[in-house]
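Following is a predicted model, sequence given first.
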Amino acid sequence: MPLSDVLPSSSGNLRLVTLQDLANRAKALADEIHGKIPWFKVREWFKVTAVTFAARRDGSVVAVVSGSGRGLESASVEHVQSLTTHDEFGRPNMVLATNIPDTHAERNAVIYMAENDLRPLAGAAYLNACSPEGCNELVQKVGATMYGPITIATKKKIPGQAQYFWGDYQAWSRYVEHGE
Ligand SMILES: [Zn+2]
């Protein structure tokens, strides 16, 4: 389980990894959770799952799992629950982002982190971020850099990347305070 490397239960601290490394782990985890959807069309065409690692105020890290459309399928939710552990302070290492209907997975993650006082670190979605005027532009506007191999997996077949990591926290703060 890749998450165990990222989120030690005892210290609550993130082990020293690069943000790119964290984005890679988010990608593996997003693919794993998304892969639990049992129906081919839903899995490959209609839905996306994202995992975004974020830090709480106390520095502990949590994996924010978000879906798209009508939200995460029950098989994905059950898998997240099976992976979730709690540290000695009762904090879970994974949380499910609130699903805003018909909202993309990356946007659901961004909104959840902003509303829950979480500092974003790095993440990834099952498919490359949609563009133009999509999640690709959104995550960059709120301070992240897109990362990873170029793919054309989305419906519109516009090339893009599926992973992202943060660097510009002024942009993030602006978003948290003022919105888009
Ligand atoms: Zn999108």
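Sure thing, it's come through.

Which SSE is immediately downstream of the biggest helix by length in the chain?
In the chain, assigned by DSSP state H, the helix with the most residues is helix 19-34. Next helix or strand after helix 19-34 toward the C-terminus (DSSP states H and E): helix 40-41.

Measure how whichever helix or strand comes after that next one sits relative to helix 19-34, angle-wise.
Next in sequence after helix 40-41, counting helices and strands by DSSP H and E, comes strand 50-55. Here strand 50-55 runs at an angle of 130 degrees relative to helix 19-34 (axes from the mean of the first three to the mean of the last three CA atoms, to 10 degrees).

Show me what strand 50-55 pairs with in its sheet, parallel or antiparallel.
The strands beside strand 50-55 in its sheet (DSSP bridges) come out as strand 61-66 (antiparallel), strand 119-125 (antiparallel).

Export those as TSV, with columns for distance to residue 82 and mean pLDDT.
From N, CA and C alone the C-beta is placed, and that goes for glycine too. TSV is the format used below for these (distance: least, CB to CB, whole Å; pLDDT from 0 to 100):
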stretch	distance to residue 82	mean pLDDT
strand 61-66	12	96
strand 119-125	20	97
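
Of those strands, which is nearest residue 17?
Of all the strands paired with strand 50-55, strand 119-125 sits nearest to residue 17, with 9.2 Å by CB to CB.

Can that closest one be said to contact the ion?
No - Strand 119-125 stays clear of the ion (CB under 5 Å from the ion), getting no nearer than 7.8 Å.

Tell me which residues are up against that strand.
For strand 119-125, the surrounding residues in contact (CB atoms under 8 Å, 6 or more residues apart in numbering) are 14, 19-20, 22-24, 26-27, 30, 48-57, 61, 64, 105-106, 109-110, 113, 135, 142-144, 148, 162-166, 169, 172.

Name only those of those residues that count as buried.
The neighbour-count test (16 or more other CB atoms under 10 Å) marks 14, 19, 22-24, 26-27, 30, 48-55, 61, 64, 105-106, 109-110, 113, 135, 142-144, 148, 162-166, 172 as buried among these.

Right, I'll call it a day here.
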